[in-house]
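J.: Predicted model, plus sequence, below.
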Number of protein chains: 2
Amino acid sequence: MTRRQTRFTSFDVAALAGVSQSAVSRAFSPGSSIAEAKRQRILEAARKLNYVPNSIASSLTTKRSNIVAVVLGNLANPFYVTVLSTLVRRLQAEGRQVLTFTVDNGAEADQALMRVLRYQVDGVILTAAQLSTRMTSICHERGIPIVLFNRYIPGSDASGVRCDNVGGGRMIAEAFLAAGAKRFALILGDPRGTTSADRARGFSDRLVEAGIARSEIRVVEGHSSYEGAYAAATRTFQRDSLPEAIFSVNDIMAMAAMDVLRQRLSLRVPEDVMVAGFDDIPDARRWPYRLTTVRQPVEEMVEETLSILHLDDPETPIEPAIDKVIPVRLIWRDTVRQPSSA
Amino acid sequence: MTRRQTRFTSFDVAALAGVSQSAVSRAFSPGSSIAEAKRQRILEAARKLNYVPNSIASSLTTKRSNIVAVVLGNLANPFYVTVLSTLVRRLQAEGRQVLTFTVDNGAEADQALMRVLRYQVDGVILTAAQLSTRMTSICHERGIPIVLFNRYIPGSDASGVRCDNVGGGRMIAEAFLAAGAKRFALILGDPRGTTSADRARGFSDRLVEAGIARSEIRVVEGHSSYEGAYAAATRTFQRDSLPEAIFSVNDIMAMAAMDVLRQRLSLRVPEDVMVAGFDDIPDARRWPYRLTTVRQPVEEMVEETLSILHLDDPETPIEPAIDKVIPVRLIWRDTVRQPSSA
DNA sequence: GTGAAAGCGCTAACAT
DNA sequence: ATGTTAGCGCTTTCAC
């Protein structure tokens, strides 16, 4: 089987249907003025030739590709899998394509972006990566809107959508406080990301407000991954010096902590140690975790992201950086003792 | 901030560098004949203007987009997350982009493909979806290679890469047999896919060869998802009529079965009931599952897929449908009793 | 090695 | 409503 060199073009269809080439173009552009009968004839001819318009060619003239780039950190954290699949489903539904990129967690996305820009993408959604301000201005110069998903870059003029990370951290602190905890541990994620830092800050600040000394909050670097947190928890937690409550800035690390507690130290959660996470990923909702956590409203965040992108009306000037913060809520499950009053 | 209408083109760079436009093109095409000094001067000018070549325009002439389409079922099964991320990493490394598509599990990918074809993609990788033979011939007509990942379409002339599903099913049967099991259950996945059917067939055939009556193999529809399998297992398995060994055609459903067994029926695995899966997803490797399973060699399967795609030399005629089957191996963990001899 | 010029397959004025 | 024409930003002969 050899490859045919040239696929059919609108000229071929035009010839077959006995019309002009521009008529073919119109037949495939919703809302353009063409007689319905003629359009049908053209569509018929197109079907015979298995013709579909060449988007590459049309992008060249319209300067719109209908492609959106999504830049992700690694997919080891199920939360970002949910984000990606929500984004893909949503964008596909409105007839757009998704160009997927991964960059190492916390690495600069500049290089990836540079490559993406060649494709005249209509917009960029960036999650889990750093971005230089030079890069954001390059995008702006070209009129490519870019929105940061669940992170912000201090001092940057890029828009972003995120959930209330600080508020979520506070909620966990309050839950622990209500359960009477006095000694805490805090498992941190990616040190370069604002997300982890914000959640940690909300948590610590609330504790300090309640009169807890900072020295009563042990800080552990979990590196945002199950493995990283598992190793760190194994090193840090010993039967003789245990915190009463552990807050992990994401669910995947909270699961690792629970595994260490229960499997290696034969401790019970929440009776011996309480644990809480952040994200509300599917895995942590189920037995044996049933994790108390803060839910990120992914659907809503995605809608908000898309609305900031303004994919429909590219003429809209890119808005001055907006920073949309979406409220979160606490999901009570089984890993934090709940005061009976609640 | 308003959007500038036109980004810089090779003409702008040429003007700034005092050369012809074609020189600029050459400066960005590795291996084209241009004096090194001149190329540097051009690159310098390009940097000043933040110029990057427009891939859309170049695709129009070269007929190659450097884009590969990946069509996936839903991402709820972590195995496909691994596949996607391996594919993305690998393709990115060689300078290609990935256009990601999802279609409902088992649904036809025809429509998605039609859309993808507009983008002159250099190749298509299809996982977890059905495809009409009409569609494969349309791709072939256009010289777009397509490879089926972990599935095949009987009677189709599309190439495919898959692991030895039948062989893997047999391995599990043998493991169960060696442990002395006599009554079995088999949790099926997507009824429209060949993958689930092949694994099930290998399993059943081996048992029958060993003298087990087909009536001793209870078949359960798990619909390929955790939730589906959890519901089915809850309905099917009761304390008074239990199989001795359960084979689930994928890990995610095996995890669901274990959860039902242990949490709802208070049974022990493997002491009371043995369980085995297929895929070897990260989650199932860990406590509390430690699942005995068949590992799919994803990296190898991806390499094979890419090599069949022949992205580098598009002139190569598309090979007659090749059906590459990669051997698998059994990963012994804790959910199947292991004869001490082994 | 380098520049001029002819497309690639479309869309968008512009006529009619 | 329809056809004609001029690009979109590149790559690629083809001369020189």
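T.: Great, that's in hand.
J.: counting contacts, what elements does the helix or strand where A:A229 lies pack onto?
T.: Element membership for A:A229 (DSSP states H and E) is helix A:226-236. Here helix A:226-236 touches strand A:184-188, strand A:217-221, helix A:251-259, going by 3 or more C-beta pairs under 8 Å, 6 or more residues apart in numbering or on different chains; DSSP states H and E. Using the backbone N, CA and C atoms, a C-beta is placed for each residue, glycine as well.
J.: In JSON lines: the ones you listed, plus mean pLDDT and distance to DNA strand D.
T.: Putting these into JSON lines (pLDDT from 0 to 100; distance: least, C-beta to the nearest atom of the strand, whole Å) gives the following:
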{"stretch": "strand A:184-188", "mean pLDDT": "98", "distance to DNA strand D": "44"}
{"stretch": "strand A:217-221", "mean pLDDT": "97", "distance to DNA strand D": "44"}
{"stretch": "helix A:251-259", "mean pLDDT": "98", "distance to DNA strand D": "42"}
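J.: A:Q111: helix or strand, and which one exactly?
T.: Per DSSP H and E, A:Q111 falls inside helix A:110-117.
J.: What are the buried residues along that helix?
T.: Using 16 or more other C-beta atoms under 10 Å in any protein chain shown as the test for burial, helix A:110-117 gives A:110, A:112-113, A:115-117.
J.: chain center to that helix: distance?
T.: 18 Å (C-alpha atoms, centre = their mean, to the nearest Å).
J.: what's it in contact with?
T.: A:69, A:71, A:99, A:101, A:103, A:124, A:129, A:131-132, A:134-135, A:138-139, A:142, A:144, B:52, B:92, B:95, B:97 (C-beta atoms under 8 Å, 6 or more residues apart in numbering or on different chains).
J.: Can I get it as CSV, trimmed to CA atoms?
T.: The C-alpha trace of helix A:110-117 is given here as CSV (Å, rounded to 0.1, in the frame of the first residue of the first chain):
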residue,chain,number,x,y,z
ASP,A,110,9.1,28.7,28.4
GLN,A,111,10.5,26.2,26.0
ALA,A,112,7.3,24.3,25.6
LEU,A,113,5.5,27.6,25.0
MET,A,114,7.9,28.7,22.4
ARG,A,115,7.1,25.5,20.4
VAL,A,116,3.4,25.8,20.9
LEU,A,117,3.4,29.4,19.7
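J.: per-residue pLDDT, the residue sitting nearest the centre point of chain A?
T.: Centroid-nearest residue in chain A, with C-alpha atoms, centre = their mean: A:V83, separated by 4.5 Å. For A:V83, the pLDDT comes out at 97.
J.: same thing with A:M135?
T.: 87.
J.: Help me confirm that it is found in a strand?
T.: No - membership of A:M135 in a strand is not supported by DSSP: H, G, I helix; E, B strand; the rest coil, which gives helix.
J.: Could you measure from the closest residue to it other than its chain neighbours over to chain B?
T.: Nearest residue to A:M135, sequence neighbours excluded (C-beta to C-beta, 6 or more residues apart in numbering or on different chains): A:D110, at 4.8 Å. Look at A:D110 and chain B: by C-beta to the nearest C-beta, to the nearest Å, they are 12 Å apart.
J.: before we move on, what about A:L261?
T.: 11 Å.
J.: Assess the claim that that residue and A:M274 are in contact.
T.: No - here A:L261 does not reach A:M274: they are 10.1 Å apart, not a contact under C-beta atoms under 8 Å.
J.: For the two, work out which one has more neighbours and name it.
T.: Set A:L261 next to A:M274 and count neighbours by other C-beta atoms under 10 Å in any protein chain shown: A:M274 wins out with 23 against 20.
J.: hey, what's the nearest residue to A:T127 once chain neighbours are set aside bridged with?
T.: Distances taken as C-beta to C-beta, 6+ apart put A:F149 closest to A:T127, at 4.1 Å, once the chain neighbours are dropped. In this entry, A:F149 is beta-bridged to A:T127, A:V161, by DSSP bridges.
J.: got the residues of the stretch 51-200 of chain A near DNA strand C?
T.: Proximity of the stretch 51-200 of chain A to DNA strand C (C-beta under 7 Å from any atom of the strand) is limited to residues A:51, A:53-54, A:57-58, A:60-62.
J.: that older thread, tilt between the helix holding A:A229 and helix A:251-259?
T.: 40 degrees (axes from the mean of the first three to the mean of the last three C-alpha atoms, to 10 degrees).
J.: got the angle for helix A:226-236 vs strand A:217-221?
T.: Here the directions of helix A:226-236 and strand A:217-221 differ by 130 degrees (the same axes, to 10 degrees).
J.: Could you give me the buried positions within stretch A:324-333?
T.: A:326, A:328, A:330-331, A:333.
J.: same check, this time on stretch A:63-71
T.: Buried, per 16+ other C-beta under 10 Å, within stretch A:63-71: A:63, A:65-71.
J.: okay, the worst-scoring helix or strand of chain A on mean pLDDT in PDB with CA atoms only?
T.: Lowest by mean pLDDT, DSSP states H and E among the helices and strands of chain A is helix A:133-141, with a mean of 86. Extracted C-alpha coordinates of helix A:133-141, given in PDB (Å, rounded to 0.1, in the frame of the first residue of the first chain):
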ATOM      1  CA  THR A 133       7.400  37.100  32.600                       C
ATOM      2  CA  ARG A 134       9.200  37.500  29.300                       C
ATOM      3  CA  MET A 135       7.200  34.600  28.000                       C
ATOM      4  CA  THR A 136       3.900  36.000  29.100                       C
ATOM      5  CA  SER A 137       4.600  39.200  27.300                       C
ATOM      6  CA  ILE A 138       5.600  37.400  24.100                       C
ATOM      7  CA  CYS A 139       2.200  35.700  24.200                       C
ATOM      8  CA  HIS A 140       0.500  39.000  24.800                       C
ATOM      9  CA  GLU A 141       2.400  40.600  22.000                       C
END
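J.: quick check, it touching DNA strand D?
T.: No - contact between helix A:133-141 and DNA strand D is absent, the nearest approach being 13.6 Å (criterion: C-beta under 7 Å from any atom of the strand).
J.: What ranges does the stretch 151-300 of chain A have for its helices?
T.: Taking DSSP state H, counting those that start in this stretch, the helices of the stretch 151-300 of chain A run over residues A:165-178, A:194-209, A:226-236, A:251-259, A:282-285, A:298-309.
J.: Whether the helix or strand harbouring A:S22 contacts DNA strand C - can you check?
T.: Element membership for A:S22 (DSSP H and E) is helix A:21-27. Yes - judged by C-beta under 7 Å from any atom of the strand, helix A:21-27 and DNA strand C are in contact via A:21-22, A:25.
J.: Please report which of those residues has the highest neighbour count.
T.: A:S25 (17 neighbours).
J.: which ones are touching that one?
T.: A:10, A:32, A:53.
J.: How about A:G123?
T.: A:G123 touches A:68-69, A:144-147, A:309, A:311, counting by C-beta under 8 Å, 6+ apart.
J.: how many neighbours does the closest residue in space to it that isn't next to it in sequence have?
T.: Ranked by C-beta to C-beta, 6+ apart and with sequence neighbours excluded, the top spatial neighbour of A:G123 is A:L309, at 4.3 Å. Applying other C-beta under 10 Å, we find 22 residues neighbouring A:L309.
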